[in-house]
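Q: the sequence and its predicted three-dimensional model are supplied below.
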2 protein chains.
Amino acid sequence: MLLSLKMSYKDAMGEDYKPDRPPANPALQSNSGPDATEAEEDFVDPWTVQTSSAKGIDYDKLIVRFGSSKIDKELINRIERAIGQRPHRFLRRGIFFSHRWLQDVFNVPLVIQMTDDEKYLWKDLTLDQAYGYTVENAKDIIACGFDVNKTFIFSDLDYMGSSPGFYRNVVKIQKHVTFNQVKGIFGFTDSDSIGKISFPAIQAAPSFSTSFPQIFGGRADVQCLIPCAIDQDPYFRMTRDVAPRIGYPKPALLHSTFFPALQGAQTKMSASDPNSSIFLTDSAKQIKTKACGHTDVSFHVLPLLQVNKHAFSGGRDTMEEHRQFGGDCDLDVSFMYLTFFLEDDDRLEQIRKDYSSGAMLTGELKKELIEVLQPLIAEHQARRKEVTDEVVKEFMTPRKLSFDFQ
Amino acid sequence: MLLSLKMSYKDAMGEDYKPDRPPANPALQSNSGPDATEAEEDFVDPWTVQTSSAKGIDYDKLIVRFGSSKIDKELINRIERAIGQRPHRFLRRGIFFSHRWLQDVFNVPLVIQMTDDEKYLWKDLTLDQAYGYTVENAKDIIACGFDVNKTFIFSDLDYMGSSPGFYRNVVKIQKHVTFNQVKGIFGFTDSDSIGKISFPAIQAAPSFSTSFPQIFGGRADVQCLIPCAIDQDPYFRMTRDVAPRIGYPKPALLHSTFFPALQGAQTKMSASDPNSSIFLTDSAKQIKTKACGHTDVSFHVLPLLQVNKHAFSGGRDTMEEHRQFGGDCDLDVSFMYLTFFLEDDDRLEQIRKDYSSGAMLTGELKKELIEVLQPLIAEHQARRKEVTDEVVKEFMTPRKLSFDFQ
């Protein structure tokens, strides 16, 4: 298995929340210095993910450093018993969570925060550009099949100005976090803008149910589960630290691995480097081009899924060598992508064997990936076309959601 | 004259705004280090005002340090010509501006920001307590006679959550101010909360007309005049520095002197020290008690006007000495208060002469003050009683205002 089980699942779902319970893992409670400056090989913070290893980030080390814990086989079995069906392949293969998947099997309300204010603060963008990306991203998210009756997607730029409850939580958090703390957690310096410095409170606020009175009717005790890539964890370590001091339950976290860039697993895909990703708006021809290493493609929209242009290969230098020694699936980005997107476990295992033995060539492996990706993306694009501005507006309107809630 | 002309009036009203015009006074453009740490006798920042002089703050020094400029006789004459009536006594005597006065004579919309989030961030208060003060303060402000058709009073805690335009301006400002800058201007340290650190942007945002689309119809070029006590100037020095970088006109400032505490002009009145102030909710008996130096009074509400309990006297130790040498109006808080509240210039001058010569005793001077204050406050209290919750709600509802505007 290329990417082993690296997700952390704190406060396993269904467990009762006890505000004054001592933390199971004390490391979660303390800000143990800037992750960025630790003498670790991998560098992971909410804005940068880098490793020198072609196999990608060492998640086992990250789990120790971040003080989280693995999702082990036992937990996956427990989830399977709870939901009464086979867990999603992202969970089976220890790769990734799926929001939709979680919503389907747990019948829970889902709130998706689009941090366009963060984008504005960190990037060279205007507010209108940042907000424009939010709307386009929302279309891709909606096209994944979320239930409009159970899902609220919001832009920070919009929602901050339409929910006094949200701003009150932001101010509460801001009162209880010092510059020293965010400096320790995020590595901010005196030259950073006060917008960046105070932003973590905005990312934290949706963890608390009082930020959404229209959904939770003013209840302050609703436990929140946040599935996110592990680079976002510093925000929620801070959130978990603050929660008891402002009288709220700590959010539970479900960490995912990173989606590798086409150039190799040394980094995560990047929306700002068009060649690092396969975009949901790419045509079938563009996907083939990227997977095969051609250039001269253009992109317009930020991705949900991405795959690397040059599709870094784990194959040998010559066909002769490849036939003799076989390819390395641990380094091959096309194989990594198949792990994400090919549903059939048996077929995936067959490909792994054939590529490792040399029976399958790199071109054939890329062809497999392209054949998996092209219909996936074409279907996504077809669903996305149906996501009109009215549909986006519906998802993004603060309103009651329908779900069972005791 | 006890308190001489100390107000600053930048970009005199009616002057055309030119966004790319070089600043008339370069000192306003730079953050010239923390005011708090300068080796000055007086200490003035938005949260602390202190001087060791019984005559109060040396405003001339402050004007130099803050890089502002005096309102001189010539400017007052110019205002008199512009408005076609006698300027308010606060302007005649170089003491204080009056919002209402400005609204009456210039027929302009007025926006009053209640920074309850600031109160929450700096004080040991809950959000509900901070918001409660806002509503009570709003009643006192409304009782001063503002025109509901031209006045919008807002709570930060409310308005941030009901105006996307406001939050967008806050984020814009936050992106363009670094921690280094607010450290220099406000003396923040690494131990301060990120709420305090980012708050200056929230105080700055109402300087820009796009924060109030319901009033200014989305216009970004409306020049703003901010009358405020000079201790609030650091916020607006920062605002003036940021404005051109985010494409907005700089706000003009009209600085007031401080209202002296009853104990003497060494400090400004303080809402948190009940004995430093005469409160608008004080009964006639309480005013007399405070002016005469008795204790045993209780207070409930924050003040707009205040007068010192012990009413620090500029009189002599014995009646004989007083008759012989006369009192010192420059030190006498009761006389200072008369300068604020007694409309009759001739009567004020007569009191000054009589007290200075010794013809008038301290008790008689205090009696004059009490006779001026009691009806003023009684009238205010009567007007305040008429300010129902509905009236407050009307003033605090985001809405169109009626005014002439080309």
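A: It's in. Numbers count the residues shown, from 1 in each chain, chains lettered A, B, ... in the order given.

Q: pick out the residue of the stretch 301-406 of chain A closest to chain B.
A: residue A:398 (10.8 Å; Cβ to the nearest Cβ). C-beta here means a position set from N, CA and C on the backbone, and glycine is covered the same way.

Q: quick one, grab the pLDDT at that residue.
A: On the pLDDT scale, residue A:398 is placed at 95.

Q: measure it to residue A:372 for me?
A: Using Cβ to Cβ, to the nearest Å, residue A:398 is found at 38 Å from residue A:372.

Q: looking at these two, which is more packed in?
A: Taking neighbours as other Cβ atoms under 10 Å in any protein chain shown, residue A:398 and residue A:372 compare with residue A:372 leading, 19 against 16.

Q: pretty sure the more buried one sits against residue A:344.
A: No. Residue A:372 is beyond contact range of residue A:344, at 9.6 Å (criterion: Cβ atoms under 8 Å).

Q: pull up the distance across stretch A:213-224, start to finish.
A: End-to-end span of stretch A:213-224 (Cα to Cα, to the nearest Å): 14 Å.

Q: how about low-confidence regions in the stretch 1-150 of chain A?
A: Where the stretch 1-150 of chain A drops to pLDDT under 70, the residues are A:1-40, A:94-100.

Q: for the residue lying farthest from the centre of chain A, give me phi and psi.
A: Relative to the centre of chain A, and counting by Cα atoms, centre = their mean, the farthest-placed residue is residue A:320 at 39.4 Å. Backbone torsions for residue A:320, taken as degrees, to the nearest 10, come to phi -60, psi -50.

Q: ok, residue A:103 to residue A:248 distance?
A: Counting by Cβ to Cβ, the gap from residue A:103 to residue A:248 is 23 Å.

Q: cool, residue A:360 as well?
A: Separation of residue A:360 from residue A:248 (Cβ to Cβ): 52 Å.

Q: what do you get for residue A:196?
A: For residue A:196 relative to residue A:248 (Cβ to Cβ), the value is 24 Å.

Q: related to what we said a few turns ago, what about residue A:103 and residue A:248, which has more around it?
A: residue A:248 (25 against 18).

Q: C-terminal to the biggest helix by length in chain A, what's the next element?
A: Ranked by residue count and defined by DSSP state H, the top helix of chain A is helix A:362-385. Next along the chain after helix A:362-385, taking DSSP states H and E as the criterion, comes helix A:389-396.

Q: so residue A:162 sits against residue B:164, correct?
A: Yes. Proximity of residue A:162 to residue B:164 meets the contact threshold set by Cβ under 8 Å, at 6.6 Å.

Q: which ones are touching the residue nearest to residue A:224 when sequence neighbours are not counted?
A: Spatial nearest neighbour of residue A:224, chain neighbours left out: residue A:251 (4.3 Å); criterion: Cβ to Cβ, 6 or more residues apart in numbering or on different chains. Counting by Cβ atoms under 8 Å, 6 or more residues apart in numbering or on different chains, residue A:251 touches A:207, A:223-226, A:236, A:239-240, A:243.

Q: change it to 10 Å
A: For residue A:251, the contacting residues are A:10-11, A:204, A:206-208, A:223-226, A:236, A:239-240, A:243, by Cβ atoms under 10 Å, 6 or more residues apart in numbering or on different chains.

Q: redo those residues as a markdown table? Include neighbour count and secondary structure.
A: Formatted as a markdown table, the contacts of residue A:251 follow (neighbours: other Cβ atoms under 10 Å in any protein chain shown; DSSP: H, G, I helix; E, B strand; the rest coil):
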| residue | neighbour count | secondary structure |
| --- | --- | --- |
| A:10 | 22 | coil |
| A:11 | 20 | coil |
| A:204 | 25 | helix |
| A:206 | 24 | helix |
| A:207 | 27 | helix |
| A:208 | 27 | coil |
| A:223 | 17 | coil |
| A:224 | 20 | coil |
| A:225 | 19 | strand |
| A:226 | 19 | strand |
| A:236 | 26 | helix |
| A:239 | 26 | helix |
| A:240 | 22 | helix |
| A:243 | 21 | helix |
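
Q: tell me which of these is nearest to chain B?
A: residue A:204 (10.8 Å).

Q: could you measure from the closest residue to that closest one other than its chain neighbours over to residue B:220?
A: Closest residue to residue A:204 apart from its sequence neighbours, by Cβ to Cβ, 6+ apart: residue A:239 at 4.0 Å. Distance of residue A:239 to residue B:220, given as Cβ to Cβ: 35 Å.

Q: quick one, helices of the stretch 1-150 of chain A?
A: A:59-66, A:73-83, A:89-92, A:99-106, A:116-122, A:127-143 (DSSP state H, counting those that start in this stretch).

Q: and those, which is most packed in?
A: Across the helices of the stretch 1-150 of chain A, the average number of neighbours (mean count of other Cβ atoms under 10 Å in any protein chain shown) peaks for helix A:116-122, which reaches a mean of 23.

Q: alright, calling it a day.
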